[in-house]
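Visitor: Predicted model follows, preceded by the sequence.
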Amino acid sequence: MSNVFDSNQATFQQDVIQRSYQTPVLVDFWAPWCGPCRMLGPVLERMANEPNSGFVLAKVNSDHNQQLSMQYGVRGIPNVKAFVNGRLVDEFVGAQPEPMVRQFVQRLPKANGTAPAANTTPPPAADDPSARLQQGRDLLKQGKGCEALTVLNNFPTSPETESAKKLQPLANYLCDASLGKLNGSTDLDNTYQQAATAIRRKDYSTGMYQLLTVINQDKTYRSGEPKNVMLGLFELLGDADPLTQSYRQSLASAIF
C-alpha cells in the first residue's frame, strides 16, 4: 500500500485502524470545494512520501463519507486525525503551516507493531442497539471517551437512543480531555480539566464536585457543557446510585 491513499467507510477499519498498529496513520478529512484543504493536502502528501516519514496518510472525502465524518466528530475541514495502535491519539483542524504539522507528527507515540488477534472494541452491530449502548457504557467506565464517542454517535433509532444521547456529552468531554482540548489559563479551566481526570480514574464523587463548582461559578461556561456532562454521568451511573441522587438535587439548585 502506498504512503498516501484514499479511504472510505467500507475500508477504514483495514486502512486506518489495523494499519495504525504498524505505523501512525494520519487521516485527512477533506473536500474538493475546501480551499484550506487544497493548501494543506499537498503538504501532508509530500511529508508522507519523504524517506522515513514516520507515518502514512489516508485521504477521506468528507462529502462522500458523511457517516464516517459524523462518527469521528468532524465539524470543520480540513481535519487531520492521528491514529496509533488502533486509537485516535491527536488531531488538528485547519490548514496549519508545515513546521507545525511536522511538530504534530514528531510528538505522535510509536506503533507497537502488533495488532491484537481480535479487536477488543469492535464496531457494534447497527441492528443491536442494546449491545451498542452497553459497549458505550463500558468504554466510558474505562475512561475511553474517544472510543465511546464512535460507538454512541450516529446511534440508530431505538428505545436506547435517548440514553445514548445523554451519554454523548460525557464521551465528548473525556475525548477532548485525552486530546488536550480542555487546556486553559483560568482557575475554572483547571477545575474543569481536573474533573475529567477524576472521572477517568472512576473517582466520580470528586469529578461531580468539580463540575458542580464550575457550574456554580459560571453557568454559561463552555455554553453550558458541564451541566450536560453531569447529566451524562447520571445516565452512566443510573438513577439508583447515591451519587446520582445527591448531585441531581445539587445540580437543580445550581441551575435554578
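Guide: Arrived safely, thanks for sending. Numbering: from 1, shown residues only.
Visitor: Just to be sure, residue 91 is in a strand?
Guide: Yes - according to DSSP: H, G, I helix; E, B strand; the rest coil, residue 91 belongs to a strand.
Visitor: Now do the same contact list for it.
Guide: Applying C-beta atoms under 8 Å, 6 or more residues apart in numbering, we find residue 91 in contact with 79-82, 179. Using the backbone N, CA and C atoms, a C-beta is placed for each residue, glycine as well.
Visitor: how far away is the residue nearest in space to the middle of the chain from residue 89?
Guide: The chain has residue 146 as the residue nearest its centroid, 3.2 Å off, counting by C-alpha atoms, centre = their mean. As judged by C-beta to C-beta, to the nearest Å, residue 146 and residue 89 stand 9 Å apart.
Visitor: Common neighbours of those two, please.
Guide: Joint contacts of residue 146 and residue 89 (C-beta under 8 Å, 6+ apart) are residue 179.
Visitor: Can you report how many residues neighbour residue 197?
Guide: When neighbours are counted by other C-beta atoms under 10 Å, residue 197 registers 16.
Visitor: Can you tell me which of the contacts of residue 91 comes closest to residue 99?
Guide: Closest approach between those and residue 99, by C-beta to C-beta: residue 80, at 14.9 Å.
Visitor: okay, the closest one: pLDDT?
Guide: At residue 80, the model reports a pLDDT of 94.
Visitor: So it belongs to a strand, correct?
Guide: Yes - note on residue 80: a strand contains this position according to three-state DSSP.
Visitor: Enumerate every residue touching it.
Guide: Counted by C-beta under 8 Å, 6+ apart, residue 80 has contacts 26-29, 40, 44, 91-93, 101, 104.
Visitor: now with 10 Å?
Guide: Residues in contact with residue 80 (C-beta atoms under 10 Å, 6 or more residues apart in numbering) are 26-30, 40, 44, 57, 90-96, 101, 104-105.
Visitor: how much space is there between it and residue 203?
Guide: The gap separating residue 80 from residue 203 is 33 Å, by C-beta to C-beta.
Visitor: burial measure for residue 152, as a count.
Guide: Under the criterion other C-beta under 10 Å, the count of neighbours that residue 152 has is 28.
Visitor: correct me, but it touches residue 174?
Guide: No - between residue 152 and residue 174 there is no contact under C-beta atoms under 10 Å: 11.5 Å.
Visitor: Need the residues touching each of these two.
Guide: With C-beta under 10 Å, 6+ apart as the test, residue 152 and residue 174 both reach 139-140, 232.
Visitor: Got phi/psi on residue 50?
Guide: Torsion angles at residue 50 (phi, psi; degrees, to the nearest 10) stand at phi -70, psi 150.
Visitor: Leaving out chain neighbours, which residue sits closest to residue 106?
Guide: Nearest residue to residue 106, sequence neighbours excluded (C-beta to C-beta, 6 or more residues apart in numbering): residue 54, at 7.9 Å.
Visitor: Contacts only, for that neighbour.
Guide: Contacts of residue 54 by C-beta under 10 Å, 6+ apart are 23-24, 47-48, 105-106, 108, 110-111.
Visitor: I'd like to know which of these are buried.
Guide: 23-24, 47-48, 105, 108, 111 (16 or more other C-beta atoms under 10 Å).
Visitor: What ranges in the stretch 51-200 of the chain fall below the confidence cut-off?
Guide: Within the stretch 51-200 of the chain, the stretches with pLDDT under 70 are 114-127.
Visitor: Which residue ranges of it form strands?
Guide: Counting by DSSP state E, counting those that start in this stretch, the stretch 51-200 of the chain has strands at residues 56-61, 79-84, 87-93.
Visitor: Among these, which comes closest to residue 220?
Guide: Closest among these, using C-beta to C-beta: strand 87-93, at 23.7 Å.
Visitor: While we're on residue 18, how confident is the model there?
Guide: At residue 18, the model reports a pLDDT of 88.
Visitor: For it, give me phi and psi.
Guide: Dihedral angles (degrees, to the nearest 10) for residue 18: phi -70, psi -40.
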